[in-house]
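In: Give the three-dimensional model of this entry:
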Amino acid sequence: MEDFFNQEVRKHPSFLLNDRKPTNFLLPSEDYARRLLGDWDRSWNILDIGCGDAVDSISLAATTNKVWAIDVAGSRIDLARDNVERAGLSDRVFPSVMDVHVLDFPDEHFDLVVGNSVLLFLDRGKFAKECFRVLKPGGRALFPNESMKKHPLLLARRLLPGIRDRESIADRLSLKDIDLFSRYFAEVEHRQFYLFSVALAPFAGRLGNASVFCAALRSTYRIDEITIRRFRRLRDYCWISVISLRKAGMQDK
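Out: So this is what the prediction gives:
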């Protein structure tokens, strides 16, 4: 897996950038993730897993936080260190190569753990234990852009040349996989997005500024929302999950 990510240059969308352009297809899920995160500039210790170039880590640092930015790929961490240094945040953002299944941090060290499109590449049972261990009582973990496994259109797309290599190391999520976290965490909140609207995703970048397309997309988002709420089993066939976990605090014990 290290070899793959040392070579891959593709960037995942970031909900922290608050991209409000109509060409951003992921606006509904990103807005929801930001609401879940709330105000994060609170003198927190934050762990950013799968940090890549550390752009998210820099945003998470805000004005008061310390962020430990980890990735399995050394080439990405080299880029992360350059970006952190250019941002003047070397005293508060600390990139390093690390395996998230064996975190080199003490127990109850972090207020927040964040990962963007990472759970599909992890042994989720091992990671859940480590995530629970390093979070403080009452601490939270947020995964704003996790890919589900069962959408028919996406299943077909993942067979295309150039995508199959990535799929060989990916294990996308089901609702059952998300429920695993409830073994460890006091609260597991998750919401699914993009059922029928997935068909419009390839056109958002080119047509997102067109009023007719925007109106059609908003309508389809709304149809998704109503359908998912009424037929709960269809959540398993959506594209994206936003997942929030909270460790029990002292008041819950």
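In: Every contact and neighbour count from this point should use C-alpha atoms.
Out: Noted.
In: May I have the secondary structure class of residue 217?
Out: Secondary structure assignment for residue 217 (DSSP: H, G, I helix; E, B strand; the rest coil): helix.
In: what ranges do the helices span in this protein?
Out: Assigned by DSSP state H, the helices in the chain fall at 2-7, 27-37, 55-61, 74-86, 124-134, 152-157, 164-167, 175-179, 204-207, 211-230.
In: List the contacts of the residue lying closest to residue 205 once chain neighbours are set aside.
Out: Of all residues not flanking residue 205 in the chain, residue 23 sits nearest, at 4.8 Å (Cα to Cα, 6 or more residues apart in numbering). By Cα atoms under 8 Å, 6 or more residues apart in numbering, the contact set of residue 23 is 204-209.
In: ok so, going back, out of the helices of the chain, which is the most enclosed?
Out: Of all these, helix 55-61 carries the top mean neighbour count, a mean of 22, counting by mean count of other Cα atoms under 10 Å.
In: From the rest of the structure, what touches it?
Out: Residues from elsewhere that reach helix 55-61 (Cα under 8 Å, 6+ apart): 14, 16, 40-41, 46, 48, 51, 67-69, 80, 83-84, 87, 89, 92-93.
In: Going by neighbour count, which of those are buried?
Out: The neighbour-count test (16 or more other Cα atoms under 10 Å) marks 14, 16, 40, 46, 48, 51, 67-69, 80, 83-84, 89, 92-93 as buried among the contacts of helix 55-61.
In: returning to that earlier point: with respect to residue 102, which of the helices of the chain lies nearest?
Out: Residue 102 lies closest, by Cα to Cα, to one member of these: helix 124-134, at 6.9 Å.
In: State the mean pLDDT of the closest one.
Out: Confidence for helix 124-134, expressed as mean pLDDT, is 96.
In: swap in stretch 106-118?
Out: Per-residue scores along stretch 106-118 average to 96.
In: Residue numbering should commence at 53 henceforth.
Out: Noted, 53 is the first residue going forward, which turns the last one into stretch 158-170.
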